[in-house]
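Trainee: Structure for this input, please:
(one chain, ligands or ions: 3)
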Amino acid sequence: MQTLEHLPDGHPPVATGKVGLLLVNLGTPDGPDKQSVKRYLKEFLSDKRVVEIPDIFWQPILRGVILNTRPAKSAEAYSLVWTEDGSPLALYTRRQAEALDEKYGDTVHVDWAMRYGNPSIASRLQALKDAGCDRILVAPLYPQYSGATTASVHDAVFDAVKAMRWHPAIRTLPPYHDDPAYIAALKSSVEAGLAALDFEPDAVIASFHGMPKRTLELGDPYHCHCQKTARLLSEAMGRELTIAFQSRFGPAKWLEPATDMTLEELAKDGKKKVAIFAPGFSSDCLETCEELAIRGKEDFEEAGGERFAYIPCLNDSDIGIDLLDTLMRRELAGWV
Ligand SMILES: C=CC1=C(C)c2cc3[nH]c(cc4nc(cc5[nH]c(cc1n2)c(C)c5CCC(=O)O)C(CCC(=O)O)=C4C)c(C)c3C=C
Ligand SMILES: [Fe+2]
Ligand SMILES: [Fe+2]
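Mentor: Numbering: from 1, shown residues only. Ligands and ions are numbered 1, 2, ... in the order given. Purely as a prediction, here's the structure:
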């Protein structure tokens with residue numbers, strides 16, 4: 001880090017000359033308890049990018065109904081997947097940042113943040129700034145763009161810099177749903193997962209997080225990005241993939257087919273052995289560890305399925321870190 005020289009009297013010391021990289025994921029509660037989950041859900045579900053209903057209608061439902069019922073149920077689910085080092089999402093995101101920081105040494109200062117909960121985007125951007133980073137690449141770790149995820153991270157970043165007198169230069173990582181490096185990483189990881197099974201699946205399912213169907217009609221590219229990822233991966237692997245959308249929330253219509261219904265239908269159609277993976281999540285999290293690996297398995301077996309395998313996300317595997325490295329180096333070009 002350089003410190004600006006020849007500052008006039010009274011000017012505070014200025015740290016400058018470094019490049020920062022901030023990995024950002026969705027966010028997770030501080031603990032698997034009802035209060036922590038309630039705090040997290042309140043912040044998450046009050047984001048207008050996530051629930052696009054005017055506050056006058058939505059806040060009474062959120063505060064009067066959802067925050068009095070969902071936290072207990074969700075806390076129970078979180079407690080099933082919580083690790084000694086915290087929530088899986090926070091654990092893998094931190095490890096991804098540490099692995100990249102180790103790779104980049106002094107050239108790039110790497111940190112991580114969560115859109116909701118801790119560590120916040122504002123606090124980590126300020127920490128990078130304080131460490132002398134005047135050029136910062138912000139990387140929302142979502143391969144497929146959606147307003148609810150990628151754009152919401154951008155909102156939080158630009159809200160945070162609004163409070164700064166001297167802005168760092170900011171770059172953001174574009175969606176990488178069709179990037180050959182991403183498709184190749186998924187192919188290697190899924191093929192290794194399949195090769196380790198002691199059965200040949202009748203169906204391989206790519207399960208993406210769902211979104212309200214209305215967002216597609218309003219022009220959000222998320223659904224198209226998911227379809228393209230699945231098509232490119234299927235072509236690269238030379239095998240059919242079944243696409244499905246998980247984690248439906250609320251009464252509105254969501255993208256289809258739903259993962260739980262797909263598992264049930266496959267079992268009923270005689271496809272008794274399945275493998276499932278979640279290409280849209282760069283880290284394992286509640287939605288993969290609990291909803292897919294635990295509940296998905298139960299639902300499939302209850303419907304008559306016999307063998308079920310969950311293939312983990314890229315996380316901080318060598319394949320996963322190499323992918324992040326490729327993506328970040330490209331976006332850092334000219335800065336390092
Ligand atoms: C990967 C992309 C994601 C999209 C798109 C997305 C949209 C979306 N999610 C909700 C509601 C919930 N999601 C929850 C958890 C959750 N969601 C994502 C990712 C995407 N969400 C992740 C990575 C996680 C896991 C967080 C963790 O701590 O592990 C939850 C909270 C859990 C629960 O109570 O079930 C909710 C609620 C909406 C409404 C939405 C699109 C509008
Ligand atoms: Fe570093
Ligand atoms: Fe979600």
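Trainee: Surely Tyr142 is in a strand?
Mentor: No: if the criterion is DSSP: H, G, I helix; E, B strand; the rest coil, then Tyr142 is coil and not within a strand.
Trainee: For it, report the pLDDT, please.
Mentor: Listed pLDDT for Tyr142 reads 98.
Trainee: Kindly provide the distance from it to ligand 1.
Mentor: For Tyr142, the distance to ligand 1 equals 6 Å [Cβ to the nearest ligand atom, to the nearest Å]. To be clear about C-beta, it is placed using only N, CA and C from the backbone, and glycine gets the same treatment.
Trainee: Could you report the neighbour count for that residue?
Mentor: 26 (other Cβ atoms under 10 Å).
Trainee: list the contacts for it?
Mentor: 149-150, 153, 175, 280, 282 (Cβ atoms under 8 Å, 6 or more residues apart in numbering).
Trainee: For whatever residue of the stretch 151-300 of the chain ends up closest to ligand 2, give its distance to Asp159.
Mentor: At 16.2 Å from ligand 2, Pro168 is the closest residue in the stretch 151-300 of the chain, using Cβ to the ion. In this view, Pro168 and Asp159 are 14 Å apart by Cβ to Cβ, to the nearest Å.
Trainee: Looking at those two, which has the bigger crowd around it?
Mentor: Taking other Cβ under 10 Å, Pro168 and Asp159 do not tie; Pro168 has more neighbours (20 against 11).
Trainee: Next, the contact list for that one, please.
Mentor: Neighbouring residues of Pro168 by Cβ under 8 Å, 6+ apart: 20, 125, 128-129, 133-136, 161.
Trainee: hmm, try it at 6 Å
Mentor: The contact partners of Pro168, by Cβ atoms under 6 Å, 6 or more residues apart in numbering, come to 129, 134, 136.
Trainee: hang on, the earlier thing: show the pLDDT at the residue of the stretch 151-300 of the chain closest to ligand 2.
Mentor: In this model, Pro168 is scored at 97, pLDDT.
Trainee: Likewise for Gln2?
Mentor: Reported pLDDT for Gln2: 59.
Trainee: Do a quick rundown of the strands in the stretch 151-300 of the chain.
Mentor: Secondary structure of the stretch 151-300 of the chain by DSSP state E, counting those that start in this stretch: the strands cover 169-172, 203-209, 242-246, 273-277.
Trainee: who in the chain is up against ligand 1?
Mentor: The chain has residues 26, 28, 50, 70, 74, 87, 89, 142, 146, 148-149, 209, 211-212, 247, 249, 280-281, 285-287 near ligand 1, with proximity defined as Cβ under 6 Å from any ligand atom.
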